[in-house]
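1. Sequence first, predicted coordinates after that:
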Amino acid sequence: MSDKKKSLEFNIIKNDPTEGHGGFGVGSFSLDNVSPVIIDVDAGEASIEIGAMHARSAVERGIKFLKTKEEVPNGKPYWLIWVTINRKEEGPYFAGVTACEMTVDRSIRRGYKSLPEHVNRMDKSMKHHIIVDHMDTKSKEILAQFLKKHDEGMWERSSDQLKQDLQA
């Protein structure tokens, strides 16, 4: 086996499972083209964390999440970014990108996140919304660099709004 750690890739859209018939599942959303990215603000790093789809990322595991930020005053800042990939004639692109705030204090095994916000932002990403304007400048730069480095072509084919909203 290779010494290299296997890197995670974004989920790319598969064939439409409801194509060709009007039966069960028509009108439902598929999570096949959504990937969660976690930004560790202090470390200046971003990574795809598939476990975050079910609140089981390495950052979230073993943490009891509380309802207010004030209950976790020493929480380390993170962002959970929902990235939706779509395809157009020229190729795949980042269609929906939405950010959710999260803080974690490992020493007390407590954190803050708004579960309704996380669910709603995932839904907005799937509907191709761009919601990143509330992020701090450093985190926007980290995310922009991560998306560009992942696939320059996908970045280039993405909307001008995404590129402008992630400019520092």
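-> Thanks, I have it.
2. alpha carbons only for contacts and neighbour counts from here, please
-> Fine.
3. What are the buried residues along whichever helix in the chain runs longest?
-> Secondary structure of the chain per DSSP state H: the longest helix is helix 137-150. Judged by neighbour count using 16 or more other Cα atoms under 10 Å, the buried positions of helix 137-150 are 139-140, 142-147.
4. try stretch 69-86
-> Of all the residues in stretch 69-86, those buried under the rule 16+ other Cα under 10 Å are 69, 72, 74-86.
5. taking those residues one by one, which sit in strands?
-> Here DSSP state E is the test, and these give 76-86 as lying in strands.
6. Distance to Arg56 and pLDDT added to those residues, as TSV?
-> As requested, those are exported to TSV (distance: Cα to Cα, whole Å; pLDDT from 0 to 100):
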residue	distance to Arg56	pLDDT
Lys76	17	97
Pro77	17	97
Tyr78	14	98
Trp79	15	98
Leu80	12	97
Ile81	15	97
Trp82	15	97
Val83	17	96
Thr84	19	95
Ile85	22	94
Asn86	25	93
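7. okay, those in TSV with distance to Arg109 next?
-> Below are these laid out as TSV (distance: Cα to Cα, whole Å):
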residue	distance to Arg109
Lys76	12
Pro77	14
Tyr78	15
Trp79	18
Leu80	18
Ile81	22
Trp82	24
Val83	27
Thr84	30
Ile85	33
Asn86	37
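8. Pick out the most distant pair among these.
-> Lys76 and Asn86 (32.2 Å; Cα to Cα).
9. Kindly spell out which helices and strands sit in contact with the longest strand seen in the chain.
-> If you go by DSSP E, the chain has its longest strand at strand 91-105. Here strand 91-105 touches strand 76-88, strand 110-112, helix 115-126, strand 130-131, helix 152-157, going by 3 or more Cα pairs under 8 Å, 6 or more residues apart in numbering; DSSP states H and E.
10. now those in CSV, with distance to Ala95?
-> Shown next, in CSV, are these (distance: least, Cα to Cα, whole Å):
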stretch, distance to Ala95
strand 76-88, 5
strand 110-112, 28
helix 115-126, 8
strand 130-131, 8
helix 152-157, 9
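11. so which of those comes closest to Glu101?
-> Per Cα to Cα, nearest to Glu101 of those: strand 76-88, 4.9 Å.
12. and the closest one, how far out from the chain's middle?
-> Centroid separation for strand 76-88 versus its chain: 2 Å, with Cα atoms, centre = their mean, to the nearest Å.
13. Tell me which residues are up against it.
-> With contacts defined as Cα atoms under 8 Å, 6 or more residues apart in numbering, strand 76-88 is touched by 10-13, 33-42, 92-105, 121-122, 125-126, 128, 139.
14. Narrow these to those that are buried.
-> If you count burial by 16+ other Cα under 10 Å, the buried members of the contacts of strand 76-88 come out as 10-13, 33-41, 92-105, 121-122, 125-126, 128, 139.
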